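Peer 1: Below are the sequence and a predicted model for it; my questions follow.
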Amino acid sequence: MKKIVTFGEVMLRLSPPGVNRLAQTDTLTMHFGGTEANVAVSLAQFGLQAHHVTRFPENGLGRSAAGYLQRHHVSTEFIRYGDGRMGLYFLEMGAGSRASQIIYDRVDSAFARIQANDIDWDTVLDGADWFHWTGITPALSQGAADCLLAGIQTANRLNIPVSGDIVYRSNLWQYGKTPQQIMPALTEGCTLVLGGKALFSEIYGVVGSTFQEAGRAMIERFPRLRYITDTKRNSISASHNQLSAKLFDGTTVYKSRVYDVQPIIDRIGTGDAYMAGLIYGLLTFNDPQRAVEFGSAASALKHTIPGDVNLATVAEVETLEQGDSSGKLKR
């Protein structure tokens, strides 16, 4: 069984029932989620040995969040507890022409207080087959950025593939550093990066007129990189999107089919579902085309599942990947 390690903050998500607005309700539905943990849960559903590394507050919310991960077969062996609070976000689910909206409340969270020496990365990554991070983590604090860098460097020393979803939240960088100062050192240790031309130019100053040219320039800039991937979303409405993905290996661009997703039940975590599916595909199939197709199907399927995480099995993803989108009742 392949061992996957992810690192990042887990937050409490609070949402009005259905497609109500916050002003219309006195009841909020509770979910836990965080982009890296979402990847871990997805991979656990695919039958892999998933470990999530984070720091929770030492209280009932922190213990509940850990229990949530455990219920979805993600190991919490390396989670740390301490001072600080649970990060929150409030989600209003959109419908039709009304977009979904998110309000973050995560300042001074327990995870943001993590320090570089809080995690024994040699122990955590012992026997690991993959390590995953996102650009949200180094945005939260210098300690989080330093701890992540230590994890990536350990993975490199142990010859463990590293993936980075470099999409970041610009308003989170409040501790005096910019993505341009922090992200290049993290990306130097990556095997796979999720991002597009605009991000490559903005963060690294890497330019290219096409995805392929920008990808080739990224691989030249960061020699450890083997793959560049990106997703494409055509938002017809909040309830109807078209999705596809592509993967570049330095020579060939592999493109997935286009998925027409309607109606959307929950868009949150769909990019994480893609990344989990792609990681699974790269570890399981000796075929980049099959890997990007599996990842895209996993993302499309996540749109039908409430909450942050993709609770889909390999068989369900493969059914959609093979073209069966009928939703026919299975007995």
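Peer 2: Good, I have the coordinates. Since the structure is predicted, the reported quantities are computational estimates derived from the model, not experimental observations.
Peer 1: Which parts of the chain are helices?
Peer 2: All helices of the chain, identified by DSSP state H, fall at 35-45, 60-71, 121-124, 137-140, 142-157, 179-187, 197-199, 211-221, 270-284, 288-302, 314-321.
Peer 1: for those, which one sits closest to R98?
Peer 2: Among the helices of the chain, helix 270-284 comes nearest to R98, with 18.4 Å by C-beta to C-beta. The way it works is simple: take the backbone N, C-alpha and C, and place the C-beta from them, glycine included.
Peer 1: Show me what the closest one packs onto, helices and strands only.
Peer 2: Applying 3 or more C-beta pairs under 8 Å, 6 or more residues apart in numbering; DSSP states H and E, we find helix 270-284 packed against helix 35-45, strand 130-134, strand 162-165, strand 192-194, strand 227-237, strand 240-248, helix 288-302.
Peer 1: Make JSON lines out of the helices of the chain and add mean neighbour count.
Peer 2: Formatted as JSON lines, the helices of the chain follow (neighbours: other C-beta atoms under 10 Å):
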{"stretch": "helix 35-45", "mean neighbour count": "28"}
{"stretch": "helix 60-71", "mean neighbour count": "17"}
{"stretch": "helix 121-124", "mean neighbour count": "16"}
{"stretch": "helix 137-140", "mean neighbour count": "27"}
{"stretch": "helix 142-157", "mean neighbour count": "20"}
{"stretch": "helix 179-187", "mean neighbour count": "18"}
{"stretch": "helix 197-199", "mean neighbour count": "16"}
{"stretch": "helix 211-221", "mean neighbour count": "19"}
{"stretch": "helix 270-284", "mean neighbour count": "26"}
{"stretch": "helix 288-302", "mean neighbour count": "26"}
{"stretch": "helix 314-321", "mean neighbour count": "19"}
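Peer 1: Take those helices and lay them out in JSON lines including mean pLDDT and distance to T6.
Peer 2: Compiled in JSON lines, the helices of the chain are given as follows (pLDDT from 0 to 100; distance: least, C-beta to C-beta, whole Å):
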{"stretch": "helix 35-45", "mean pLDDT": "97", "distance to T6": "4"}
{"stretch": "helix 60-71", "mean pLDDT": "97", "distance to T6": "10"}
{"stretch": "helix 121-124", "mean pLDDT": "98", "distance to T6": "11"}
{"stretch": "helix 137-140", "mean pLDDT": "96", "distance to T6": "10"}
{"stretch": "helix 142-157", "mean pLDDT": "98", "distance to T6": "10"}
{"stretch": "helix 179-187", "mean pLDDT": "97", "distance to T6": "15"}
{"stretch": "helix 197-199", "mean pLDDT": "95", "distance to T6": "21"}
{"stretch": "helix 211-221", "mean pLDDT": "97", "distance to T6": "22"}
{"stretch": "helix 270-284", "mean pLDDT": "98", "distance to T6": "9"}
{"stretch": "helix 288-302", "mean pLDDT": "98", "distance to T6": "16"}
{"stretch": "helix 314-321", "mean pLDDT": "96", "distance to T6": "19"}
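Peer 1: picking up where we left off before, which one, of the helices and strands packed on helix 270-284, ends up nearest to R71?
Peer 2: Short answer: helix 35-45, nearest of the helices and strands packed on helix 270-284 by C-beta to C-beta, at 9.6 Å.
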